[in-house]
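Novice: one predicted model, sequence on top.
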There are 2 protein chains.
Amino acid sequence: MTPVEAFQPPSRLLLGPGPSMAAPSVLEAMAKPLLGHLDPAFVGMMEEIKTMLRAVFQTENRMTFPVSGTGSAGMEFCCVNLIEPGDEVVIGVNGVFGGRMADVAARCGAKVTRVEAEWGRIIEPGQIATALAGIKKPKLVAVVHAETSTGALTPIPEISRLARDAGALMLIDTVTSLGGCPVELDAWGIDAVYSGTQKCLSAPPGLSPVSLSDRALEVATHRTHKVQSWYLDVNLLASYWGAERVYHHTAPISMNYALHEGLRLVLEEGLEARFARHERNYLALKNGLETLGLEIASQPGHQLWQLNSVTVPEGVDEAAVRARLLADFGIEIGAGLGPLKGKVWRIGLMGESSSADNVEIVLNALGQILSENTN
Amino acid sequence: MTPVEAFQPPSRLLLGPGPSMAAPSVLEAMAKPLLGHLDPAFVGMMEEIKTMLRAVFQTENRMTFPVSGTGSAGMEFCCVNLIEPGDEVVIGVNGVFGGRMADVAARCGAKVTRVEAEWGRIIEPGQIATALAGIKKPKLVAVVHAETSTGALTPIPEISRLARDAGALMLIDTVTSLGGCPVELDAWGIDAVYSGTQKCLSAPPGLSPVSLSDRALEVATHRTHKVQSWYLDVNLLASYWGAERVYHHTAPISMNYALHEGLRLVLEEGLEARFARHERNYLALKNGLETLGLEIASQPGHQLWQLNSVTVPEGVDEAAVRARLLADFGIEIGAGLGPLKGKVWRIGLMGESSSADNVEIVLNALGQILSENTN
């Protein structure tokens, strides 16, 4: 074959649904020399990752660590460990990721009750209550906290209470929320959670931070059937991430360096300050969009700070605007998915990407393109 | 919590079972700015990865790409896509990874026939033939090409022929072999294969290159049951890695940069030259070990060039020697696993780690420690 040139990525400002910009020191961490996955120095760093993850998830759960795959692997981790064939599960579906969870749960043999909401709207506690009322022995209730496909933020505490009252475990998807807005596992009574590194944690994609409560761990370690995934079996992973340090798989060393540095930056900034920054830049974006005659499509009062679905004005070619932004301004924003395809743009302001400068840059570029369009 | 310091890995010479040393330009690639996973520039790079992987695997298989997890995720990818509940599979078990495959296959609902060999020895074609003779409709034969836990290299062509004659698919594990010794998928008639980035491809751990023949793909796309893993379902992954570019999961961007650069270096050196280098350094190590009164434990005539199980001399504390090597010389070598625990050291000479200098360094260090031991 003809020789391939070394790859040099073009410069992009990543303001889509993720990956978002990685912090410079995180990228530097990725290039550090490798260690063995059982090296005492690496093991020490793993412990720090676990401690920092607990702080960011606001939990005491000892089973808190990064799964060696992307956010969807974390979703699968939670499902394969907690669900057994025939289990009744209730899943909120108000976007791509709720639908994905329903698919994953069904592949684990669950009987899935889908609780649907229009894309862009939240899952209401009343809907969950109604679904639970019709089920004898629900095993699990699962909801996406921050729906990346729509920009809606579903409040969790009341839904979690309903799940617990019904004797079910509570699972939430925090891929886009973690590190950008409050996620309080213990205060909310969450039993299982997964997230991703490439959104508000400002690291590249490749790991999925997860956490299981002791109650969830009890379920996962006392199953009737073996966990259908060897790679994601918490009974095996616990021996590597726990005190025994038994070899399971070869941990992605460099990605763990990156997560370590990303978490360090989150805690250095402070959770409250970080959330405030995300809110501030969301508000600035929202105001600027209004000035351009644009509006955020997701449910008022429940809009994500990190990810904004923006309604495409009538007569404007959605894909052409995105293509212009990328080609002429080096800015990536996201397309709509599913029923929102062609109807919204998705502008992400997550982690490192959430800055006043970036808000101004994307508003200026959008304004310029749209004004040319109407001329 | 108390602030955590930025992590600075100590300097190590990685001569264990992997990860091995990453090439300097691969580490640099890891630090390059991120791109979106649907960015045209990233998509172009994905195509180059596929093309280079085909060259390294020596195959025309269109379904050749990296799974977003480590080698064990690649193993699971092959099993979940090809095995349906009740399928008869024959698996060679002569070390950790054959045993792991048997476990993974059983979790897919397979009826597993284990073909066992003593750890350190190869799987003989005659053993596979005997096993196949007793099975009406075998679906799959699986063998570990290079057993990382023992250092034995099982010849594949005859076993593959037996599988095909029996109407079964042939699956091989090339985690440690790929890029260090010949792996010829098409010439050998292989239907499914997985590997890892952190051995002879000189990249960090985190991706698992896989390839499926058209015959295997036909099986995977015409299943009775849905693939039990959503994350690893080739029917979904094909839409992202194929022409449609439909979003599945967020690809680990930086790890793909690393794999791209690692593959580029393999092809720049040339497969034949690279294999010759691995053989040469294996021979130098073997000679040097003999001078020290040490010998390679795996079956003569079938010893891996990349990974050497070295018999621990009587009276020598296996773990203490490894600890000294790490603490005083900064050299990592591996411990024995399973029945070989405490009985062997594992010295890896893979990819970037396979050099004449490294052979000399590890021999000198070992020699020094052992001579102190006997004084």
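Specialist: Perfect, I can see it now. Numbers count the residues shown, from 1 in each chain, chains lettered A, B, ... in the order given.
Novice: smallest gap between the stretch 251-375 of chain A and chain B, at which residue?
Specialist: A:Pro252 (3.6 Å; C-beta to the nearest C-beta). Where C-beta positions appear, they are placed from N, C-alpha and C, glycine not excepted.
Novice: for that residue, give me its contacts.
Specialist: A:68, A:206-207, B:70, B:204-206, B:255 (C-beta atoms under 8 Å, 6 or more residues apart in numbering or on different chains).
Novice: ok, so of the residues you listed, who is nearest B:Arg54?
Specialist: When the contacts of A:Pro252 are ranked by distance to B:Arg54 (C-beta to C-beta), B:Met255 comes first, at 19.1 Å.
Novice: now do stretch A:215-232: distance from first to last residue.
Specialist: 18 Å (C-alpha to C-alpha, to the nearest Å).
Novice: likewise stretch A:21-37?
Specialist: Span of stretch A:21-37 from end to end, C-alpha to C-alpha: 27 Å.
Novice: in that stretch, which residues are buried?
Specialist: A:21-23, A:26-37 (16 or more other C-beta atoms under 10 Å in any protein chain shown).
Novice: when you scan that stretch, is anything in it near chain B?
Specialist: Yes: using C-beta under 8 Å from any C-beta of the partner chain, stretch A:21-37 reaches chain B at A:21-22, A:25, A:27-37.
Novice: what is the most widely separated pair among these?
Specialist: Farthest pair in these (C-beta to C-beta) is A:Met21 and A:Gly36. Separation: 30.5 Å.
Novice: output the contacts of A:Pro252 in CSV; the columns should cover pLDDT and neighbour count.
Specialist: Listed next are the contacts of A:Pro252 as CSV, based on pLDDT from 0 to 100; neighbours: other C-beta atoms under 10 Å in any protein chain shown:
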residue, pLDDT, neighbour count
A:Ser68, 98, 29
A:Gly206, 98, 33
A:Leu207, 98, 31
B:Thr70, 97, 27
B:Pro204, 98, 29
B:Pro205, 98, 29
B:Gly206, 98, 33
B:Met255, 98, 26
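Novice: in TSV: those residues, plus distance to A:His278 and secondary structure.
Specialist: Shown next, in TSV, are the contacts of A:Pro252 (distance: C-beta to C-beta, whole Å; DSSP: H, G, I helix; E, B strand; the rest coil):
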residue	distance to A:His278	secondary structure
A:Ser68	28	coil
A:Gly206	23	coil
A:Leu207	21	coil
B:Thr70	32	coil
B:Pro204	31	coil
B:Pro205	32	coil
B:Gly206	28	coil
B:Met255	27	helix
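Novice: can you tell me which of those residues is nearest B:Thr2?
Specialist: A:Leu207 (23.5 Å).
Novice: show me where the stretch 51-200 of chain A has helices.
Specialist: A:71-82, A:96-107, A:125-133, A:157-165, A:185-188 (DSSP state H, counting those that start in this stretch).
Novice: list the buried residues in the fourth one.
Specialist: For helix A:157-165, burial by neighbour count (16+ other C-beta under 10 Å) applies to A:159-164.
Novice: which residues touch whichever residue of the stretch 101-250 of chain A sits closest to chain B?
Specialist: The nearest approach of the stretch 101-250 of chain A to chain B comes at A:Gly206, 3.6 Å away (C-beta to the nearest C-beta). For A:Gly206, the contacting residues are A:69-70, A:197-198, A:252, A:255, A:258, B:68, B:206, B:252, B:254-255, by C-beta under 8 Å, 6+ apart.
Novice: switch the cut-off to 10 Å
Specialist: A:19, A:30, A:66, A:68-70, A:73, A:196-198, A:252, A:254-256, A:258-259, B:68-69, B:204, B:206-207, B:250-256 (C-beta atoms under 10 Å, 6 or more residues apart in numbering or on different chains).
Novice: same question for A:Pro85.
Specialist: Residues in contact with A:Pro85 (C-beta under 10 Å, 6+ apart) are A:108-111, A:224-225, A:228.
Novice: what about A:Arg324, neighbour count?
Specialist: When neighbours are counted by other C-beta atoms under 10 Å in any protein chain shown, A:Arg324 registers 19.
Novice: can I see the domain layout of chain A?
Specialist: According to automatic domain parsing, chain A comprises the domains A:13-17+A:271-374, A:24-267.
Novice: so which of those gets nearest B:Pro9?
Specialist: Across these, closest to B:Pro9 is domain A:24-267 (C-beta to C-beta), at 5.0 Å.
Novice: measure that closest one end to end?
Specialist: 16 Å.
Novice: please apply the same query to stretch A:339-347.
Specialist: 17 Å.
Novice: any weak-confidence spans in the stretch 1-150 of chain A?
Specialist: Across the stretch 1-150 of chain A, nothing is flagged by pLDDT under 70.
Novice: now the contacts of A:Pro252 as JSON lines including distance to B:Ser11?
Specialist: Converted to JSON lines, those look like this (distance: C-beta to C-beta, whole Å):
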{"residue": "A:Ser68", "distance to B:Ser11": "25"}
{"residue": "A:Gly206", "distance to B:Ser11": "24"}
{"residue": "A:Leu207", "distance to B:Ser11": "24"}
{"residue": "B:Thr70", "distance to B:Ser11": "24"}
{"residue": "B:Pro204", "distance to B:Ser11": "16"}
{"residue": "B:Pro205", "distance to B:Ser11": "19"}
{"residue": "B:Gly206", "distance to B:Ser11": "21"}
{"residue": "B:Met255", "distance to B:Ser11": "23"}
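Novice: quick one: which of those residues is nearest B:Ile361?
Specialist: B:Pro204 (21.8 Å).
Novice: test my guess that that closest one contacts B:Pro9.
Specialist: No: using C-beta atoms under 10 Å, B:Pro204 is not in contact with B:Pro9, being 11.8 Å away.
Novice: what's the overlap in contacts for the two?
Specialist: Joint contacts of B:Pro204 and B:Pro9 (C-beta under 10 Å, 6+ apart) are A:34, A:253-254, A:257.
Novice: mark which of these are part of helices, please.
Specialist: Among these, the members found in helices (DSSP state H) are A:253-254, A:257.
Novice: tell me which stretches of chain A form strands.
Specialist: Applying DSSP state E to chain A gives strands spanning A:13-14, A:63-67, A:88-93, A:111-116, A:138-144, A:146-147, A:152-153, A:169-173, A:192-194, A:208-212, A:307-311, A:331-332, A:334-335, A:344-348.
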